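**Q** Provide a 3D model corresponding to the input given below.
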Amino acid sequence: MLQPSRNVLVVDDEPRILEVVSALLVSKGFTVYSAVNGRRALELFEAEAISLVILDLMLPDISGEEVCLAIRKKSRVPIIMLTAKAEENDLLKGLNIGADDYIVKPFSLRELYARIEAVLRRSGDDLLPLTLCNTFRNGDLTVDFEQNTVKKKGIAVPFTPSEMKLLAALMKYPGRVFSRNELIDLAMGSEFEGFDRAIDSHIKNIRQKIEDGPKAPVYIITVHGLGYKFGGE
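**A** Residues are numbered from 1 along each chain as shown. I've put the predicted structure just below:
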């Protein structure tokens with residue numbers, strides 16, 4: 001399954017933990033961004049296409065819980081929280097605010113990497129955006145993935161399963177540019193044997209249904225030479 005990127009954000013105020021976790025991830029082919037406090041973590045999250053966050057619970061400025069909540073307001077990116085607390089109530093609280101998994105310090109790098117693989121595998125199978133019902137531009141466009149419906153200015157428009165999968169992939173990572181081959185993997189599956197330009201036809205059809213002016217789109221935007229991204233806010 002295609003992963004959105006190989007960028008991991010590691011947040012911890014202990015330099016030794018940053019060093020060993022970063023070295024592990026680099027050895028596995030990831031690009032690592034590190035932060036020693038919550039504010040820097042949020043700055044990096046806004047600036048980079050992060051596919052996983054490893055987040056310490058206790059930080060010197062704002063808590064890991066606050067960082068987790070801030071990220072969850074805009075993204076479903078997997079979050080693994082690091083904590084020195086092993087009490088059940090603390091673990092449940094972290095999961096309730098949006099963490100995907102917890103690991104208690106001290107931990108082995110083997111255990112950490114097993115958790116990383118597990119959450120990335122689960123997130124790779126989940127194309128749904130942060131919320132199941134999404135409304136843009138004061139009701140101009142509504143996409144409800146629970147009901148599997150799309151409405152333009154309150155009027156339902158028909159979408160094929162492939163079109164819905166394409167829209168879900170783009171909406172899950174707004175602003176992230178997808179190549180045609182990546183969109184084929186997400187929406188058509190690895191067994192698709194057609195041309196990558198088939199994606200262009202699907203995109204054209206989607207634009208006809210949701211854009212006021214398909215030649216000047218505001219939702220499905222072409223990034224010349226690279227692919228497509230979702231521009232809705």
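**Q** which helix is the longest one in this protein?
**A** When the chain is parsed with DSSP state H, its longest helix is helix 109-124.
**Q** what are the buried residues along it?
**A** For helix 109-124, the neighbour count (16 or more other C-beta atoms under 10 Å) marks 112, 115-116, 119-120, 123 as buried. Where C-beta positions appear, they are placed from N, C-alpha and C, glycine not excepted.
**Q** can you put these in TSV and add pLDDT and distance to residue 202?
**A** Output for the buried residues of helix 109-124, formatted as TSV (pLDDT from 0 to 100; distance: C-beta to C-beta, whole Å):
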residue	pLDDT	distance to residue 202
112	94	39
115	89	36
116	91	32
119	81	29
120	81	26
123	64	23
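**Q** re the thing from before, show me what the mean pLDDT comes to for the next helix or strand after the longest helix of the chain.
**A** Per DSSP states H and E, helix 109-124 leads on to strand 133-136 as the next helix or strand towards the C-terminus. For strand 133-136, mean pLDDT rounds to 86.
**Q** what's strand 133-136 packed up against?
**A** For strand 133-136, the packing partners by 3 or more C-beta pairs under 8 Å, 6 or more residues apart in numbering; DSSP states H and E come out as strand 141-144.
**Q** output the strand it packs on as CSV, nothing but the C-alphas.
**A** Provided in CSV are the C-alpha atoms of strand 141-144 (Å, rounded to 0.1, in the frame of the first residue of the first chain):
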residue,chain,number,x,y,z
LEU,A,141,-19.4,21.6,-1.9
THR,A,142,-20.3,18.8,0.6
VAL,A,143,-18.6,15.4,0.6
ASP,A,144,-20.1,12.8,3.0
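**Q** contacts for that strand next, please.
**A** With contacts defined as C-beta atoms under 8 Å, 6 or more residues apart in numbering, strand 141-144 is touched by 132-136, 149-152, 154, 167, 171, 210, 219, 232.
**Q** one step back: pull the distance from the longest helix of the chain to the chain's centre.
**A** Averaging C-alpha positions (C-alpha atoms, centre = their mean, to the nearest Å) puts helix 109-124 15 Å from its chain's average.
**Q** same question for stretch 7-24.
**A** The chain centre lies 20 Å from the centre of stretch 7-24; the measure is C-alpha atoms, centre = their mean.
**Q** also stretch 33-47?
**A** 16 Å.
**Q** so which bits of that stretch are buried?
**A** Buried residues in stretch 33-47, counted by 16+ other C-beta under 10 Å: 33-38, 40-42, 44-45.
**Q** want to throw the residues you listed into CSV with distance to residue 180 and secondary structure?
**A** Compiled in CSV, these are given as follows (distance: C-beta to C-beta, whole Å; DSSP: H, G, I helix; E, B strand; the rest coil):
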residue, distance to residue 180, secondary structure
33, 27, strand
34, 33, strand
35, 34, strand
36, 39, coil
37, 39, coil
38, 37, helix
40, 35, helix
41, 33, helix
42, 32, helix
44, 29, helix
45, 27, helix
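**Q** distance of the residue nearest to residue 56 when sequence neighbours are not counted from residue 45?
**A** Distance criterion C-beta to C-beta, 6 or more residues apart in numbering; nearest residue to residue 56, sequence neighbours excluded, is residue 12 at 4.1 Å. Distance, residue 12 to residue 45, using C-beta to C-beta, to the nearest Å: 15 Å.
**Q** what does residue 14 give?
**A** 20 Å.
**Q** now do residue 214
**A** To residue 45, residue 214 is 33 Å away according to C-beta to C-beta.
**Q** just residue 159 next, same as before
**A** Taken as C-beta to C-beta, the span from residue 159 to residue 45 is 31 Å.
**Q** residue 57 now?
**A** 17 Å.
**Q** tell me the bridge partners for residue 144.
**A** Beta-bridge partners recorded for residue 144 (DSSP bridges): residue 133, residue 149.
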